[in-house]
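Chemist: Give me a 3D structure for the following:
(2 chains)
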Amino acid sequence: MIEIENLSKSFTLHNQGGAVIPVMQGATLSVAPGECVALTGDSGAGKSTLMRMIYGNYLAASGRILVGGTDVARAEPREILDLRRHTLGYVSQFLRVVPRVPTRDVVAEPLLAIGTPRDVARARAEELLIRLNIPETLWSLSPTTFSGGEQQRVNIARGFAHAYPALLLDEPTASLDATNRETVLCLIEEAKARGAAIIGIFHDAPARDRVADREIDVSRFTPGRAA
Amino acid sequence: MTPLLSVRNLAKHYGARIGCTDVGFDLYPGEVLGIVGESGSGKSTLLNCLAGHLEPDTGEVLFDTRSDGPRDTLKMSEPERRMLGRTDWAFVHQNARDGLRMGVSAGGNVGERLMAVGARHYGDIRAQATDWLGRVEIAEDRIDDRPSAFSGGMQQRLQIARNLVTGPRLVFMDEPTGGLDVSVQARLLDLLRGLVREMGLSAIIVTHDLAVVRLLADRLMVMKSGHVVEQGLTDQVLDDPQHGYTQLLVSSILQV
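Modeler: Predicted structure coming up:
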């Protein structure tokens, strides 16, 4: 489902004398449907960078990133948008929303974007919000004023609203209490069971051991470190 | 899929000075394109050339018309272009006063656009005007008031209603949230996003506010001194800018 070949990335800082910082070289990995791969490595090793490249948020310098047949490294913006709508989901660490939009609509948004009828999308959103213990009194409020943990759970609910065939999870269990952490791990297991290919970053080692089938140490793709 | 709008090699000079040059892009149905850059970078010149308000020196602006497929709007006759401006295009000005008729009631402002495309039944026109005022959150009992009695945010929303009532396929917006306070801005953004999704509109939004484009635009074009220095997916351009100018622009945002 997700295949990465010989991927490299560097940042060029034009306003600091054109300094070039190579951050990744020769990254190669593949994830099959129903499989969860955990990215490991120290802070700064490039876990999030790799994830952002797969999502098309960072530009790859060279290499291939195939997600369901689309090469994200070369695709046109509208192909990537289409991929993000239908195939590739991403739960980032931060929730970014239009102010004033009610939580229920924020969660239903990915479903509405692919043409799901409003009542079906809302019902699915409510089901997820209940599972993630967001009290009903908050559903009609914008999540911008919520606590960190609540925002994180709204973010997860939104990421799992549509059954994406491929999912990227950046620290999905960070800042969650035991009950909610358990719910999130169940959601991940359910996604795997329905055949989603998942790449995740988990600092929470027990969580990682439970849901991940394999681990990939990103630091082996870090240029200059292996030498 | 045929692009709704295809721009090739567009250039506009003011004497020896560059307005904008070497601009090319495709806009597909349902896409929102943001154009950012500092004042004087040529973004409004570009928008006005695209919308037919300014005549570019060179280039092509191909619009996928309903009847004849893609046609170069720059080569169309003036009446044809005007008709397109009424049926398929809309232009939301930065200053609502430029896009509204200040001496005519709110309902009249919306109704006028309908009459321009042939609506004649008073009851229908009024009903549609009322419906649209509701969609942009203007109370029904203000329908007979003139826009001069409205606040800045209400005027801007009225301008949007006036522009969208005829169901255009392409909307040009010049700083649609400029000059509004932040709470009104948020409301307007939410409104615009909903309308874009529900009506399947394509839009080109010129702004200098990067937060606005992040929330509204699918794609982004960065301009400097009349040139397009970078374009791509909005979040990619903002999070991993490649050009020195974009890097400077992104790093200059004030954090709230």
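Chemist: count of residues packed around the residue of chain A found nearest chain B?
Modeler: Nearest residue of chain A to chain B, counting by C-beta to the nearest C-beta: residue A:14, 2.9 Å away. From N, CA and C alone the C-beta is placed, and that goes for glycine too. Residue A:14 has 15 neighbours, counted by other C-beta atoms under 10 Å in any protein chain shown.
Chemist: What about it? Give its phi and psi, please.
Modeler: With angles defined as degrees, to the nearest 10, residue A:14 sits at phi -70, psi -30.
Chemist: Need the nearest residue in space to it, chain neighbours excluded.
Modeler: residue B:244 (2.9 Å; C-beta to C-beta, 6 or more residues apart in numbering or on different chains).
Chemist: how many neighbours does that neighbour have?
Modeler: Residues near residue B:244, counting by other C-beta under 10 Å: 17.
Chemist: helix, strand or coil for the closest residue to residue B:237 other than its chain neighbours?
Modeler: Take residue B:237 and drop its neighbours on the chain: the residue closest to it by C-beta to C-beta, 6+ apart is residue B:220, 4.5 Å away. With DSSP: H, G, I helix; E, B strand; the rest coil as the basis, the three-state label of residue B:220 is strand.
Chemist: Give the full set of residues in contact with residue B:220.
Modeler: Counting by C-beta atoms under 8 Å, 6 or more residues apart in numbering or on different chains, residue B:220 touches B:33, B:34, B:35, B:36, B:213, B:231, B:232, B:233, B:234, B:237, B:238.
Chemist: quick one: which of the residues you listed sit in strands?
Modeler: Assigned to strands by DSSP state E, the following of these qualify: B:33, B:34, B:35, B:36, B:231, B:232, B:233.
Chemist: and the gap between the last one and residue A:78?
Modeler: Counting by C-beta to C-beta, to the nearest Å, the gap from residue B:233 to residue A:78 is 9 Å.
Chemist: so which strand or helix has residue 160?
Modeler: Let's take chain A. Assigned by DSSP states H and E, residue A:160 belongs to helix A:148-161.
Chemist: Let me rephrase: I mean chain B.
Modeler: Assigned by DSSP H and E, residue B:160 belongs to helix B:152-164.
Chemist: One more: residue B:47?
Modeler: With DSSP H and E as criterion, residue B:47 is part of helix B:43-50.
Chemist: which outside residues touch that helix?
Modeler: B:5, B:7, B:10, B:12, B:19-20, B:23, B:35-37, B:54-56, B:59, B:61, B:172, B:174, B:204, B:206, B:223, B:226.
Chemist: Bridged to the closest residue to residue A:159 other than its chain neighbours, which residues?
Modeler: The spatial neighbour of residue A:159 that comes closest, neighbours along the chain excluded (C-beta to C-beta, 6+ apart), is residue A:91 at 3.6 Å. On the basis of DSSP bridges, residue A:91 is bridged to residue A:169.
Chemist: What about residue A:91, how many residues nearby?
Modeler: 22.
Chemist: what's the closest of the ones in strands among the contacts of residue B:220 to chain A?
Modeler: Taking these together and measuring to chain A by C-beta to the nearest C-beta, the closest member is residue B:233, at 4.5 Å.
Chemist: And for that closest one, nearest residue in space, chain neighbours not counted?
Modeler: residue A:77 (4.5 Å).
Chemist: Hmm, residue B:221 and the one you found touching each other?
Modeler: No - under the criterion of C-beta atoms under 8 Å, residue A:77 makes no contact with residue B:221, lying 10.7 Å away.
Chemist: thinking residue B:63 is in contact with residue B:88, fair?
Modeler: Yes - in this structure, residue B:63 is within contact of residue B:88 by C-beta under 8 Å, at 7.5 Å.
Chemist: joint contacts of these two?
Modeler: By C-beta under 8 Å, 6+ apart, the residues touching both residue B:63 and residue B:88 are residue B:170.
Chemist: Compare the two and say which is more crowded by neighbours.
Modeler: residue B:63 (25 against 17).
Chemist: gap between stretch B:65-76 and the chain center?
Modeler: Its chain's C-alpha centre and that of stretch B:65-76 lie 19 Å apart, by C-alpha atoms, centre = their mean, to the nearest Å.
Chemist: Just the buried positions in it, please.
Modeler: B:65, B:71, B:73, B:74, B:76 (16 or more other C-beta atoms under 10 Å in any protein chain shown).
Chemist: Now flag whichever of those is closest to residue B:133.
Modeler: residue B:65 (29.9 Å; C-beta to C-beta).
Chemist: which residues does the nearest residue to that closest one once chain neighbours are set aside bridge with?
Modeler: Nearest residue to residue B:65, sequence neighbours excluded (C-beta to C-beta, 6+ apart): residue B:71, at 5.3 Å. In this entry, residue B:71 is beta-bridged to residue B:63, by DSSP bridges.
Chemist: Double-check residue B:71 against residue B:61; I have them as touching.
Modeler: No - at 9.5 Å, residue B:71 does not count as touching residue B:61 under the criterion of C-beta under 8 Å.
Chemist: who's in contact with residue 87?
Modeler: Defaulting to chain A. Residue A:87 makes contacts with A:67, A:68, A:70, A:164, A:165, A:166, as judged by C-beta under 8 Å, 6+ apart.
Chemist: could you do chain B instead?
Modeler: B:66, B:117, B:166, B:168.
Chemist: Name all residues that make contact with the closest residue to residue A:197 other than its chain neighbours.
Modeler: If you skip the residues right next to it in sequence, residue A:197 has residue A:1 as its closest partner in space, 3.5 Å away by C-beta to C-beta, 6+ apart. Counting by C-beta under 8 Å, 6+ apart, residue A:1 makes contact with A:31, A:32, A:33, A:67, A:68, A:165, A:166, A:197.
Chemist: For my notes, please list these in a markdown table and give secondary structure for each entry.
Modeler: Output for these, formatted as a markdown table (three-state DSSP):
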| residue | secondary structure |
| --- | --- |
| A:31 | strand |
| A:32 | coil |
| A:33 | coil |
| A:67 | strand |
| A:68 | coil |
| A:165 | coil |
| A:166 | strand |
| A:197 | strand |
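Chemist: And those residues, which of them are buried?
Modeler: For the contacts of residue A:1, buried by 16+ other C-beta under 10 Å: A:31, A:67, A:68, A:165, A:166, A:197.
Chemist: What pLDDT does the model give residue 62?
Modeler: No chain in the question, so chain A it is. What the model reports as pLDDT for residue A:62 is 92.
Chemist: nope, chain B
Modeler: 95.
Chemist: low-confidence ranges in the chain?
Modeler: Picked chain A for this. A:225-227 (pLDDT under 70).
Chemist: other chain: chain B
Modeler: B:255-256.
Chemist: Quick one: name the residues of it near chain A.
Modeler: Counting by C-beta under 8 Å from any C-beta of the partner chain, chain B comes close to chain A at B:28, B:31, B:186-187, B:189-190, B:193, B:197, B:214-215, B:218-219, B:232-233, B:235-236, B:239-240, B:242-244, B:247-248, B:251.
Chemist: Go through those and flag which are in helices.
Modeler: B:186-187, B:189-190, B:193, B:197, B:214-215, B:235-236, B:239, B:244, B:247-248, B:251 (DSSP state H).
Chemist: Show me the one in these that has more neighbours than the rest.
Modeler: Going by other C-beta under 10 Å, residue B:236 tops those with 22 neighbours.
Chemist: residue contacts, that one?
Modeler: A:56, A:57, A:58, A:59, A:77.
Chemist: cool, and residue B:33?
Modeler: With contacts taken as C-beta under 8 Å, 6+ apart, residue B:33 has the following neighbours: B:25, B:27, B:202, B:203, B:204, B:205, B:217, B:218, B:219, B:220, B:221.
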